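Asker: Predicted model and sequence follow; I will ask about them next.
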Amino acid sequence: MNNWLTIAMPKGRIFDEAAGLLRTIGYDFTHVEQSRKLVLEFPEYNIRVMLAKPMDVVTYVEYGAADCGIAGKDVLLEQNRDVYEIVDLNISACYLAVAGLPNQPLSKIAPKIATKYPHIASEYFREQGEQVEIIPLNGSIELAPLIGLTDRIVDIVSTGQTLRDNGLIEYEKIARVTSRFIVNPVSYRLSSPILDNMIEQLSAQIALEKGSDV
Ligand SMILES: Nc1ncnc2c1ncn2[C@@H]1O[C@H](COP(=O)(O)OP(=O)(O)OP(=O)(O)O)[C@@H](O)[C@H]1O
Ligand SMILES: O=P(O)(O)OC[C@H]1O[C@H](OP(=O)(O)OP(=O)(O)O)[C@H](O)[C@@H]1O
């Protein structure tokens, strides 16, 4: 099984777009969702697919449990792991932003910020010269300013619907987010025909899609 490639795929909202892109370049993993299995083998490609939580894909790749994987730039910025970010896949686009209730200037004394991204948020406010208190939460971040827990949130915005439906506004954009193809540094150095082919095909496909956008 030594010449097999293990790829960590994110379960959840990125999966369909990521699997669709891989299918376009010749790797069809799209039937994986029909079972509860978390490791699937595709002998026709010599590829093993691991299904992981999006926040955990980078961990599996860093430790070499997977040779490569697909992860959001938000996760890469938050975790700053030792992985190579090889291709911007330009899928699952969204952005990180600071949001809060309208007409609420940031209070001068230790404003509170709710977020799933404590590292990104503290770096951002440090760069702005603001001393803030970060309140880590796991979801429904928009609740925090609504019920007066925090002054602001740092969270993902995609359509903007969650902010609108909760009467919140965006104050600043922090970073554009898309999914990236990441590779374990050792797997990259050792290289393999399957990994090389995947990187080459993905890069070519993204270049093609970019070309047809203009
Ligand atoms: N509207 C969005 N909200 C959150 N993440 C998004 C959005 N659009 C794209 N993404 C990307 O999807 C990833 C999160 O996927 P998903 O929501 O499936 O994971 P999760 O937040 O761990 O899920 P769960 O809600 O099950 O905890 C993010 O890392 C980001 O890169
Ligand atoms: O701009 P929108 O299109 O509304 O998308 C943004 C929302 O989607 C995500 O939440 P998610 O659905 O992952 O739920 P969560 O609150 O449990 O994290 C994110 O945290 C925002 O709340």
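Answerer: Nice, I can see it. These figures come from a predicted structure and were not determined experimentally. Residues are numbered from 1 along each chain as shown. Ligands and ions are numbered 1, 2, ... in the order given.
Asker: ok, and does stretch 36-56 reach over to ligand 2?
Answerer: No - contact between stretch 36-56 and ligand 2 is absent, the nearest approach being 9.6 Å (criterion: CB under 6 Å from any ligand atom). From N, CA and C alone the C-beta is placed, and that goes for glycine too.
Asker: Whether that stretch contacts ligand 1 - can you check?
Answerer: Yes - against ligand 1, stretch 36-56 shows contacts by CB under 6 Å from any ligand atom at 53-55.
Asker: secondary structure class for the closest residue to residue 38 other than its chain neighbours?
Answerer: Closest residue to residue 38 apart from its sequence neighbours, by CB to CB, 6 or more residues apart in numbering: residue 51 at 4.9 Å. Counting by DSSP: H, G, I helix; E, B strand; the rest coil, the backbone at residue 51 sits in strand.
Asker: Give me the most central residue, the chain.
Answerer: Residue closest to the average C-alpha location in the chain (CA atoms, centre = their mean): residue 72, at 1.5 Å.
Asker: which ones are touching that residue?
Answerer: Taking CB atoms under 8 Å, 6 or more residues apart in numbering, we find residue 72 in contact with 10, 14, 54, 92, 177-180.
Asker: Throw the residues you listed into a markdown table and include pLDDT, thanks.
Answerer: Listed next are these as a markdown table, based on pLDDT from 0 to 100:
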| residue | pLDDT |
| --- | --- |
| 10 | 96 |
| 14 | 95 |
| 54 | 96 |
| 92 | 97 |
| 177 | 98 |
| 178 | 98 |
| 179 | 98 |
| 180 | 98 |
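Asker: before we move on, back to that, the residue nearest to the centre of the chain bridge partners, please.
Answerer: As for beta bridges, residue 72 partners with residue 179 under DSSP bridges.
Asker: where's it relative to residue 141, distance?
Answerer: According to CB to CB, to the nearest Å, residue 72 stands 16 Å off from residue 141.
Asker: Pull up the pairing partners for the strand ranked longest in the chain, direction included.
Answerer: Ranked by residue count under DSSP state E, the longest strand found in the chain is strand 169-177. Strand pairing for strand 169-177, using DSSP bridges, gives strand 94-100 (antiparallel).
Asker: Now the element after the partner strand, going C-ward?
Answerer: strand 112-115 (DSSP states H and E).
Asker: Give me the sheet partners of that following strand and which way each runs.
Answerer: strand 133-136 (parallel), strand 152-157 (parallel).
Asker: could you dump the longest helix along the chain to PDB, C-alpha only?
Answerer: In the chain, assigned by DSSP state H, the helix with the most residues is helix 193-213. The C-alpha trace of helix 193-213 is given here as PDB (Å, rounded to 0.1, in the frame of the first residue of the first chain):
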ATOM      1  CA  PRO A 193       3.400  10.200  -9.500                       C
ATOM      2  CA  ILE A 194      -0.100  10.400  -8.000                       C
ATOM      3  CA  LEU A 195       0.600  13.500  -6.000                       C
ATOM      4  CA  ASP A 196       2.500  15.200  -8.800                       C
ATOM      5  CA  ASN A 197      -0.300  14.400 -11.200                       C
ATOM      6  CA  MET A 198      -2.900  15.800  -8.800                       C
ATOM      7  CA  ILE A 199      -1.100  19.000  -8.200                       C
ATOM      8  CA  GLU A 200      -0.400  19.400 -12.000                       C
ATOM      9  CA  GLN A 201      -4.000  18.700 -12.900                       C
ATOM     10  CA  LEU A 202      -5.500  20.900 -10.200                       C
ATOM     11  CA  SER A 203      -3.200  23.800 -11.200                       C
ATOM     12  CA  ALA A 204      -4.100  23.400 -14.900                       C
ATOM     13  CA  GLN A 205      -7.800  23.300 -14.100                       C
ATOM     14  CA  ILE A 206      -7.700  26.400 -11.900                       C
ATOM     15  CA  ALA A 207      -5.700  28.300 -14.600                       C
ATOM     16  CA  LEU A 208      -8.300  27.200 -17.200                       C
ATOM     17  CA  GLU A 209     -11.200  28.400 -15.000                       C
ATOM     18  CA  LYS A 210      -9.500  31.700 -14.300                       C
ATOM     19  CA  GLY A 211      -8.900  32.100 -18.000                       C
ATOM     20  CA  SER A 212     -12.500  31.600 -18.800                       C
ATOM     21  CA  ASP A 213     -13.500  34.100 -16.100                       C
END
